[in-house]
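Chemist: the following comprises the amino acid sequence and a computationally predicted model.
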Amino acid sequence: MTAAPALDAAPLDLAIGDLRESAGSWTAVPLPERIALLERMLPRIADGAPGMVADAARAKGYEADSDWAAEDWVAAPWALAQTVGAYLHVLRRLVAGHAPVPAKSVRTREGRTVVDVFPATATDRLLLNGFTAEVWTLPGTTREQLLARAAGEYRGRPGEPAVALDPRGRRHHPCHRQRTHP
């Protein structure tokens, strides 16, 4: 394995800038159209998967057909497809007139409101049987507040388009606990 080259962050900074500038246009897209756009992404993710894996492997200093690249299939195309699927799940619930978060998924533990977020679909339960994820809300957030506020911008609550990035990553944020139970 060879040393990975230094990352040129300038293209990423430009892409984030473009994303921030266009955030308002995305928020104006009606839900059925958002669903159609996301549905069209899934085959494109599949088509681009080998390139994503090759780019990741090259950036890390190994070949795309290396055993090391197995992780890149999970970290890039599969994770992206899973995320798009999660967005589709919630948006379809909203279009069908359902709450974005099923009430049965929200409970209290250790004095905090907790939301079971994974598995969300039968496919999730089948493919990753036994794995779960939950989100713990900030102390003081009630079940009722969570259910009323979830996906509020999709349900008529005014909001400002924004792009939020946590340089430490979600898994390091103190309010996001992920537990897996194999």
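Modeler: Yep, that arrived.
Chemist: what helices or strands is the top helix by length along the chain leaning on?
Modeler: Taking residue count as the measure and DSSP state H as the definition, the longest helix of the chain comes out as helix 31-60. For helix 31-60, the packing partners by 3 or more Cβ pairs under 8 Å, 6 or more residues apart in numbering; DSSP states H and E come out as helix 70-73, helix 79-95. The C-beta positions use only the backbone N, C-alpha and C, and glycine is treated the same way.
Chemist: that one versus helix 79-95: what angle between them?
Modeler: Put simply, helix 31-60 runs at 170 degrees to helix 79-95, going by axes from the mean of the first three to the mean of the last three Cα atoms, to 10 degrees.
Chemist: what residues of helix 31-60 count as buried?
Modeler: Residues 34, 35, 38, 41, 45, 49, 52, 53, 56, 57, 60 are the ones in helix 31-60 that count as buried (16 or more other Cβ atoms under 10 Å).
Chemist: pull the most distant pair out of those.
Modeler: The largest separation in the buried residues of helix 31-60, counting by Cβ to Cβ, is between 35 and 60 at 34.6 Å.
Chemist: much appreciated, bye for now.
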